[in-house]
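Q: just a sequence and a predicted model for now, questions to come.
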Amino acid sequence: MNAAAPIPATGTRPVRLVYFAWVRERVGMADETLDVPADLATVADLVRWLKARGENYQAAFANEAVVRAALDQVHAKPDSPLGNAREIAFFPPMTGG
């Protein structure tokens, strides 16, 4: 008997998105909870999905390589899997001195 092929993820799931500094200014809000497609696999996938939502997101993520992310308060790279993260934060690079 052949095993059935896995069923692709469908639907959405609620995720709290938090924006800091100039990312917040460009998006136009400090945070929001969105129902994101369950088939978004990585941080980069989420950013591309957000950019499709409107000009404010396009402005915030115009240079995807600059904006940093954290999944449930743990720094994440663009290719990091979203997993079951409940909170995803976006912020510009930080400098110190």
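A: Happy to help now that I have it.

Q: low-confidence ranges, this structure, go.
A: Residue ranges of the chain with pLDDT under 70: 1-10, 95-97.

Q: buried residues, the longest helix belonging to it. List them.
A: In the chain, assigned by DSSP state H, the helix with the most residues is helix 43-51. Residues of helix 43-51 classed as buried: 43, 44, 45, 46, 47, 50, 51 (neighbour count, 16 or more other C-beta atoms under 10 Å). All C-beta spots, glycine's among them, are computed from the backbone N, C-alpha and C.

Q: same check, this time on stretch 53-68
A: Quick answer for stretch 53-68 (16+ other C-beta under 10 Å): 57, 60, 61, 67, 68.

Q: just put these in JSON lines and tack on secondary structure and distance to residue 28.
A: Listed next are those as JSON lines, based on DSSP: H, G, I helix; E, B strand; the rest coil; distance: C-beta to C-beta, whole Å:
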{"residue": "57", "secondary structure": "helix", "distance to residue 28": "9"}
{"residue": "60", "secondary structure": "helix", "distance to residue 28": "9"}
{"residue": "61", "secondary structure": "coil", "distance to residue 28": "13"}
{"residue": "67", "secondary structure": "coil", "distance to residue 28": "15"}
{"residue": "68", "secondary structure": "strand", "distance to residue 28": "19"}
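
Q: brilliant, that's me finished.
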